[in-house]
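Trainee: here is my input, please return the structure:
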Amino acid sequence: MAAPLVILDRDGVINAESDAHIKSVAEWHPLPGSLEAIARLNRAGFRTALATNQSGIARGLFGEADLASIHDHVARELARLGGRLDPVVYSPDGPGSDAPRRKPRPGMLLEIAERLGIGLDGVPYVGDSWRDVQAARAAGALPVLVRTGNGAATLDAGHDLGGVAVYDDLAAFADAWLAAGGSPR
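Mentor: Numbers count the residues shown, from 1 in each chain. Here you go, the predicted model:
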């Protein structure tokens, strides 16, 4: 049976990654096909949720209101295509924090599961970094890696990616996931 949920990282998966952080709507640029992929997943009956580290808040680069504006913009862009992300969960904590929600810790994924009243077995968490893989494994979710954002560098870093499905981008993942009936290939 297909998992009812797909969880996504944001920067490098849905939108272009930036070493300077995405601090405003003007700096947020969707990756080709990513918003359409989310809408396809939604139309096929999958709920899509977002779990994203946003350390720019802890670093003082932008505030919670700025992040809310970005996520409101993303919601409007997705709605135009018939898609949505719900729930949206983020960690405002900086690197080195012991916060349970900051990836690679599983707190955000576990919070999503608790909010939705489901388990994470078989639920993909699509990310572009090693910490995304670690968070998925720690939460009991299915780690998926895309080559966009930091994905290529993650693949080259020599991490233990055994059992991790790898796709060129979110659109390729969505196509494969839907073709397989919502199960790992």
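Trainee: biggest strand in this protein by residues?
Mentor: strand 47-53 (DSSP state E).
Trainee: quick one: the strands in this protein, in order.
Mentor: Using DSSP E, strands in the chain cover 5-8, 47-53, 88-91, 124-127, 142-146, 165-167.
Trainee: need the contact partners of the last one.
Mentor: Here strand 165-167 makes contact (Cβ atoms under 8 Å, 6 or more residues apart in numbering) with 124, 142-147, 151, 155, 173, 176, 184-185. In this view, the C-beta of every residue, glycine as well, is placed from N, C-alpha and C.
Trainee: now the fifth one
Mentor: With Cβ under 8 Å, 6+ apart as the test, strand 142-146 has contacts from 3, 12-13, 122-128, 132-133, 136-137, 151, 154-155, 161, 163-170, 172-173, 184.
Trainee: at 7 Å what do you get?
Mentor: Strand 142-146 has contacts (Cβ atoms under 7 Å, 6 or more residues apart in numbering) with 13, 122-128, 132-133, 136-137, 151, 154, 161, 164-170, 173, 184.
Trainee: let's see the PyMOL selection covering just the buried ones among the residues you listed.
Mentor: The PyMOL command for the buried members of the contacts of strand 142-146 (criterion: 16 or more other Cβ atoms under 10 Å) is given here:
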select buried, resi 13+122+123+124+125+126+127+128+132+133+136+137+151+154+164+165+167+169+170+173
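Trainee: could you redo the strands of the chain as CSV and give each row distance to D66 and mean pLDDT?
Mentor: Below are the strands of the chain laid out as CSV (distance: least, Cβ to Cβ, whole Å; pLDDT from 0 to 100):
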stretch, distance to D66, mean pLDDT
strand 5-8, 20, 98
strand 47-53, 14, 98
strand 88-91, 12, 98
strand 124-127, 23, 98
strand 142-146, 25, 98
strand 165-167, 30, 98
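Trainee: what ranges do the helices span in this protein?
Mentor: 34-43, 64-80, 107-116, 130-139, 151-156, 170-179 (DSSP state H).
Trainee: deepest in the core, which of the ones you listed is it.
Mentor: With neighbours taken as mean count of other Cβ atoms under 10 Å, the helices of the chain reach their highest mean count in helix 130-139, at a mean of 23.
Trainee: got the angle between that helix and strand 47-53?
Mentor: Between helix 130-139 and strand 47-53, the angle comes out at 120 degrees (axes from the mean of the first three to the mean of the last three Cα atoms, to 10 degrees).
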